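**Student:** Sequence first, then the predicted structure, then my questions.
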Amino acid sequence: MSIFEAPPFISAPSKYVSEYGSRRLAHQAASGELVRIRQGLYLTAEMWQAMRPWEKYRMQIQAVHELAAGRPVFARESAAQILGLPLASVPPRVQTVVPPGQGGGRSRKTLQRIEAIAADPQPWEMFGLLVTPPVPTVRDLAVHLPLSGSLPAMDRLMSQRILPGSPCNVQLTFTEANVAAAIELLPSASQQYRALRVLELADGQSGSTGESLSRAIMIENGFPAPVLQAEFRDSQGRIGFPDFDWEEFKTLGEFDGHEKYSAQKYLRGRTPAEVVISEKNRENRLRACGYNVVRWEWDDLKNPQRLVNLLRSAGLPQQCGGR
């Protein structure tokens, strides 16, 4: 997830100083010229419509921050978005924590207040916002989201790669033991079980959000666990590192994210057409080694049954009920 710099809101100087300005902004929002993000905070309709869903959610977080009487601490999916931890879908609400003993406070349709755990570490500051640190954030996602929502973030944490924008003088990479210790702080055995299950299934070798989401669907539907990013070679040398390897079944899986054919870091000076040809040649070399190669993309993850059908057609067995 790329770093997003929130543009400034359009707002009246003060509702006490410029009541006319507030009325004028509300009129512009009613006419469609502006979009109201939160009370008194607006963006131009053109800017809002050009934003991706994740960027719109980030602006909602920013609006909560700017309107709060004190600096809010963002949690769960909101913290994950700020930290750069991947999520499978855009959350419906902004989430903040309140001090222990306050029972979570009053939540609204677009804002959820969550009671903090007393022994959790102090918040991080990232991009001018306070957030729960990475370990409690992924722990809480594991408790409150399905596997498809929590595994991408846990995989990313276990990759041992520093999150861009992390503060100084704090621990920047985390281990399974760090997460397990945070899980022990959870107040109930059922919560601990849910979080430990996600930690057990996590794999830092996962190369992208789409690959993590793919694996969550595989697990939930009882497919055998693949090896991730295994190296393959033939007489010509290195072929590459397929995303998923089911060696027992001579089957390889590849998730095709759209960025592979558009983002410069993947193109490496090549045209999209050249990348497609290179991928085809790579796949032919893998097939020549005796492997069946199955490919899927984001649309197959939006409708998980499509991925299930592809894997079944490739000959992969299923256990009843999944995991």
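**Tutor:** It's in. Residues are numbered from 1 along each chain as shown.

**Student:** okay, CA-based contacts and neighbour counts for the rest of this
**Tutor:** Fine.

**Student:** In the stretch 101-250 of the chain, what residue spans correspond to strands?
**Tutor:** 111-115, 124-126, 129-131, 227-228, 232-234, 237-240, 244-246 (DSSP state E, counting those that start in this stretch).

**Student:** got those as a markdown table, with mean neighbour count, distance to Pro8 and mean pLDDT columns?
**Tutor:** Converted to a markdown table, the strands of the stretch 101-250 of the chain look like this (neighbours: other Cα atoms under 10 Å; distance: least, Cα to Cα, whole Å; pLDDT from 0 to 100):
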| stretch | mean neighbour count | distance to Pro8 | mean pLDDT |
| --- | --- | --- | --- |
| strand 111-115 | 18 | 21 | 94 |
| strand 124-126 | 18 | 17 | 97 |
| strand 129-131 | 22 | 15 | 98 |
| strand 227-228 | 18 | 42 | 97 |
| strand 232-234 | 13 | 49 | 92 |
| strand 237-240 | 12 | 44 | 91 |
| strand 244-246 | 21 | 43 | 97 |
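
**Student:** could those go into a markdown table alongside distance to Gly257?
**Tutor:** As requested, these are exported to a markdown table (distance: least, Cα to Cα, whole Å):
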| stretch | distance to Gly257 |
| --- | --- |
| strand 111-115 | 32 |
| strand 124-126 | 28 |
| strand 129-131 | 29 |
| strand 227-228 | 16 |
| strand 232-234 | 21 |
| strand 237-240 | 17 |
| strand 244-246 | 14 |
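
**Student:** Would you point out the helix or strand in this structure whose mean pLDDT is lowest?
**Tutor:** helix 264-267 (a mean of 49; mean pLDDT, DSSP states H and E).

**Student:** Can you work out which other helices and strands pack against whichever helix or strand comes after that helix?
**Tutor:** Using DSSP states H and E, the helix or strand that follows helix 264-267 in sequence is helix 272-288. Applying 3 or more Cα pairs under 8 Å, 6 or more residues apart in numbering; DSSP states H and E, one finds that helix 272-288 contacts strand 237-240, strand 292-297.

**Student:** go again using 6 Å as the cut-off
**Tutor:** Using 3 or more Cα pairs under 6 Å, 6 or more residues apart in numbering; DSSP states H and E as the contact criterion, no helix or strand is in contact with helix 272-288.

**Student:** Offset the numbering so it begins at 3, please.
**Tutor:** Taking 3 as the first residue, the last one we looked at is helix 274-290.

**Student:** Now do it against strand 294-299, angle only.
**Tutor:** Angle of helix 274-290 versus strand 294-299, following axes from the mean of the first three to the mean of the last three Cα atoms, to 10 degrees, is 150 degrees.

**Student:** avg pLDDT for helix 274-290?
**Tutor:** Mean per-residue pLDDT for helix 274-290: 81.

**Student:** Also stretch 55-72?
**Tutor:** Stretch 55-72 comes out at a mean pLDDT of 96.

**Student:** Could you check it and say which residues are buried?
**Tutor:** If you call a residue buried by 16 or more other Cα atoms under 10 Å, then stretch 55-72 has these buried ones: 56-68.

**Student:** Kindly indicate which of these lies nearest Ser80.
**Tutor:** Proximity of those to Ser80 (Cα to Cα) peaks at Ile63, which lies at 7.1 Å.

**Student:** Check which helix or strand that closest one maps to.
**Tutor:** helix 55-69.

**Student:** Please identify which of the strands of the stretch 103-252 of the chain is closest to Asp157.
**Tutor:** strand 229-230 (11.8 Å).

**Student:** which residues are contacting stretch 119-128?
**Tutor:** Pro102, Leu132, Val133, Thr134, Pro135 (Cα atoms under 6 Å, 6 or more residues apart in numbering).

**Student:** Not counting sequence-adjacent ones, nearest residue to the second one?
**Tutor:** It stands for Leu132. Leaving aside its chain neighbours, Leu132 sits nearest to Val75 (4.8 Å; criterion: Cα to Cα, 6 or more residues apart in numbering).
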